[in-house]
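In: Requesting a structural model of the entry that follows:
(chains A, B, C and D)
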There are 2 protein chains.
Amino acid sequence: MILNDRKIRILEAIINDYIQTAEPIGSRTIAKKYDLGISSATIRNEMSDLEEMGFIIQPHASSGRVPSDKGYRLYVDRLMQRRELTDEEMLLLQKMIAGSIHQIDYIMRETASAIAILTKCATIVSEPQIKKTRIRHIQFVPVDEKSFVMVLVTDGKAVKNRLIYLNQTLDEDTMIRLSKLLSENLRGCCFEDIDVSMAHEFAEQFRMPEDLLLAVLNAASDVIHTEDDVQIYTSGVKNILSFPEFSDVEKAKNMFQALEEKDMLITLLGSGNSEKIQVVIGAENNMELLEDCSVIKANYRVGSQNFGSIGVIGPKRMDYSQAVSVLSGILKHINAVIKALSGG
Amino acid sequence: MILNDRKIRILEAIINDYIQTAEPIGSRTIAKKYDLGISSATIRNEMSDLEEMGFIIQPHASSGRVPSDKGYRLYVDRLMQRRELTDEEMLLLQKMIAGSIHQIDYIMRETASAIAILTKCATIVSEPQIKKTRIRHIQFVPVDEKSFVMVLVTDGKAVKNRLIYLNQTLDEDTMIRLSKLLSENLRGCCFEDIDVSMAHEFAEQFRMPEDLLLAVLNAASDVIHTEDDVQIYTSGVKNILSFPEFSDVEKAKNMFQALEEKDMLITLLGSGNSEKIQVVIGAENNMELLEDCSVIKANYRVGSQNFGSIGVIGPKRMDYSQAVSVLSGILKHINAVIKALSGG
DNA sequence: AGTTAGCACTCGACTTAATCGAGTGCTAAC
DNA sequence: GTTAGCACTCGATTAAGTCGAGTGCTAACT
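Out: Down below sits the predicted model:
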């Protein structure tokens, strides 16, 4: 059996309708609503074929049809339209990131939030592993005699700070010298490049007490390693409740549960480091808890380095066309902002 | 009609049972379950009195009784037992705040999260208004020629950073001098004390270009004022879904909506600056959206200064006894931690 | 006077049966 | 190959019936 043009048009009608109404679609509905020039009986025959081919499913005998994962896949790969961002969408985005235009991590969180508002789905952002971020500037700020804050400006001009606690006192001059020393010598390095053996080297070269350097580097690498690998933020989670597929509280609870499981989200966003937008439909994600959800994700990057990912998650019946358009449009815009950030 | 001891015991039984089961309680249930030594008929008479007095309500004729706001109020004020934290509870708390023991803002967020887990309700934390925080140390960290990060260590050793953008370049030496100058002269001040007129004064006193100082102070006070007044974090929001009173998705959605309205939450937590734990029952909060919720809240403070608030929010039928015990126990413990923090 | 057994009554929740209607598959005619 | 027609299916909705937890009231008991 071949998938002729008419079958495709019918499939498209079914999916579009189902995305809107969340109700199984019958042949008569299509005949009336879409002007395909054929009768409901013919559509019925075609639908029977489409079901046999696995593109649509009948939830129970004598009900309308619903798209299958395979159906959605075809739709996403071949049928759905992409569009540019509308002026309003662009405006919302700009308004939201306006306040945080200089820091990439804030930008991404605000972006996620904007996407959640526009798509009415939940969004997930992953921040880069701190180990992999390149150091642009490093400086210590005293808190009291024995503790100080390590302020870290990364390549992407994200600012991170970590409190470090020493068991020896540290006077201000030494701290300033230390800041300078490390900042100059570690610029451009990744955090995972920091090695405690550097202490010896630096001590000799700059005539500073080795035990102090050791303590600081130790504390720093300690902080890095106990720090969770990746940070994950979610946004618009409550949007989930507006979808009729989650009107059963148990299902909604499952979903919320899933969105709190960091490991799961990391796996969900992770893998693949292409620039392209990826659409993962239903069971394709191999997670039972999320088999009724689809995810649309993309990576954002600074220079050639993957910086993190952003994903839109919703029911399989989500508006793929809108979500992909919004995500790709916004990312294009954001990438320009990021480029300007890293460049200038 | 007077509220004799027997009436009180019956009321207590009703409330305890209702908190557990979420079902209206009838006279026979009480007679069987609680050994009050009187028959269901007598209890019936007493319940009729209690209803007349406004402590309990009949959702519909021929159903059991449910506590009214007034009933809960009496229970909270006079009947409910407080207890100390159990070892497990304490252990959980310690485990959760272990990683962030040096920074008060992290401590509070972790604490909120621990309370949410223990009470199975949602928690809200407000962070202090940045305007009111006292400066302990202030330092600038360069990002590029025209922008730098202002790192701010507060009295409570919270670290905040804000990116500041100048339209003039700033060399490193000047930045260091500036850091020192401001740090020394502003220590102990509140942010709202910062006044642009200081620029002139400082410029004269320390022989630095007035326009630079002006720009920096302007930028700083700008950042402070555009910054939202109070930051609010929530935790355990999904717990809400486990309460049968929110098994209707519409109600749950309302609740989620409410928990995203910052202004509402600020009002909810705000007011009152006593050290005591306050319980706000149902309509007492004067917010229609939250009239079926109760809030248990307390302030935490550094020295004599209010630092922020933390609140537990759940259905009116929440386990007040547990929530109050957990909140007060944890706060006592946390206050000790904070004291050590500010002292040492 | 307070307590209790007994009883008629109420009313929401649940069960069962009946009806409705959107949808299907199949057949026969176009 | 297309379509009108028709019998059939089956979930959803509606209506009626039953159940039971609970009440209020009365009369008898301590």
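
In: Give me the distance between the closest residue to residue A:9 other than its chain neighbours and residue B:317.
Out: Take residue A:9 and drop its neighbours on the chain: the residue closest to it by Cβ to Cβ, 6 or more residues apart in numbering or on different chains is residue A:36, 6.1 Å away. For the C-beta atoms, the positions are set from N, CA and C on the backbone; glycine is no exception. To residue B:317, residue A:36 is 55 Å away according to Cβ to Cβ, to the nearest Å.

In: what do you get for residue A:246?
Out: In terms of Cβ to Cβ, residue A:246 sits 24 Å off from residue B:317.

In: Contacts only, for whichever residue of the stretch 101-250 of chain A sits closest to chain B.
Out: Closest approach between the stretch 101-250 of chain A and chain B, counting by Cβ to the nearest Cβ: residue A:238, at 4.0 Å. Neighbour list for residue A:238: B:253, B:256-257, B:260 [criterion: Cβ atoms under 8 Å, 6 or more residues apart in numbering or on different chains].

In: Stretch A:115-127 and chain B in contact?
Out: No. Judged by Cβ under 8 Å from any Cβ of the partner chain, stretch A:115-127 stays clear of chain B, getting no closer than 11.4 Å.

In: Could you list the low-pLDDT ranges of the stretch 1-150 of chain A?
Out: By pLDDT under 70, the weakly predicted segments of the stretch 1-150 of chain A are A:101-102, A:129-131.

In: measure whatever residue of it ends up closest to DNA strand C to DNA strand D for me?
Out: As assessed by Cβ to the nearest atom of the strand, DNA strand C sits closest to residue A:26 within the stretch 1-150 of chain A, at 2.4 Å. According to Cβ to the nearest atom of the strand, to the nearest Å, residue A:26 and DNA strand D sit 11 Å apart.

In: Leaving out the residues flanking it, which one is nearest to that residue?
Out: residue A:64 (4.0 Å).

In: Tally up the residues packed near that neighbour, please.
Out: 19 (other Cβ atoms under 10 Å in any protein chain shown).

In: thinking it is in contact with residue A:30, fair?
Out: No. Assessed by Cβ atoms under 8 Å, residue A:64 is found out of contact with residue A:30, at 9.2 Å.

In: list the contacts for residue A:150?
Out: A:138-140, A:161-164, A:220, A:223.

In: so it sits in a helix?
Out: No. Using DSSP: H, G, I helix; E, B strand; the rest coil, the assignment for residue A:150 is strand, not a helix.

In: Report the beta-bridge partners for it.
Out: When bridges are called by DSSP bridges, residue A:150 pairs up with residue A:140, residue A:162.

In: What ranges does the stretch 51-200 of chain A have for its strands?
Out: With strands called from DSSP state E, counting those that start in this stretch, the stretch 51-200 of chain A shows them at A:56-57, A:66-67, A:122-127, A:135-144, A:147-154, A:159-165.

In: For DNA strand D, find the nearest of those.
Out: Using Cβ to the nearest atom of the strand, the strands of the stretch 51-200 of chain A put strand A:66-67 closest to DNA strand D, at 12.7 Å.

In: Pull up the distance across stretch A:198-216, start to finish.
Out: 11 Å (Cα to Cα, to the nearest Å).

In: circling back to that earlier point, chain B versus the residue of the stretch 1-150 of chain A closest to DNA strand C, what's the distance?
Out: Counting by Cβ to the nearest Cβ, to the nearest Å, the gap from residue A:26 to chain B is 27 Å.

In: And the longest helix seen in chain A, how far out from the chain middle?
Out: The longest helix of chain A (DSSP state H) is helix A:320-343. Remark: helix A:320-343 is offset 12 Å from the chain centroid, using Cα atoms, centre = their mean, to the nearest Å.

In: What of stretch A:135-147?
Out: On Cα atoms, centre = their mean, the centre of stretch A:135-147 falls 31 Å from the chain's centre.

In: Pull out the buried positions in that stretch.
Out: For stretch A:135-147, the neighbour count (16 or more other Cβ atoms under 10 Å in any protein chain shown) marks A:135-144, A:147 as buried.

In: Over to stretch A:61-68?
Out: In stretch A:61-68, counting by 16+ other Cβ under 10 Å, buried: A:64-68.

In: contacting residues around it?
Out: A:11, A:14-15, A:18, A:23-27, A:29, A:47, A:50-51, A:54-59, A:75, A:316-317.

In: What is the end-to-end distance of it?
Out: 16 Å.

In: Report whether that stretch contacts DNA strand D.
Out: Yes. Contact of stretch A:61-68 with DNA strand D (Cβ under 7 Å from any atom of the strand) involves A:61-63.

In: Intersect the residues you listed with the contacts of DNA strand C.
Out: Answer for those near DNA strand C (Cβ under 7 Å from any atom of the strand): A:61-63.

In: which among the residues you listed gets closest to residue A:339?
Out: Residue A:339 lies nearest to residue A:63 out of those, by Cβ to Cβ, at 51.0 Å.

In: Please identify which helix or strand holds the residue nearest the centre of chain A.
Out: Taking Cα atoms, centre = their mean, the centroid of chain A lies closest to residue A:310, which sits 1.6 Å from it. Using DSSP states H and E, residue A:310 sits in strand A:305-315.

In: Return the list of strands paired to that strand, each annotated with direction.
Out: Strand A:305-315 has its sheet partners listed here by DSSP bridges as strand A:122-127 (antiparallel), strand A:293-302 (antiparallel).

In: Enumerate the residues of the stretch 1-150 of chain A near DNA strand D.
Out: Checking the stretch 1-150 of chain A against DNA strand D by Cβ under 7 Å from any atom of the strand, the hits are A:37-39, A:41-42, A:45, A:60-63.

In: ok, which pair from these is furthest apart?
Out: A:37 and A:60 (30.0 Å).
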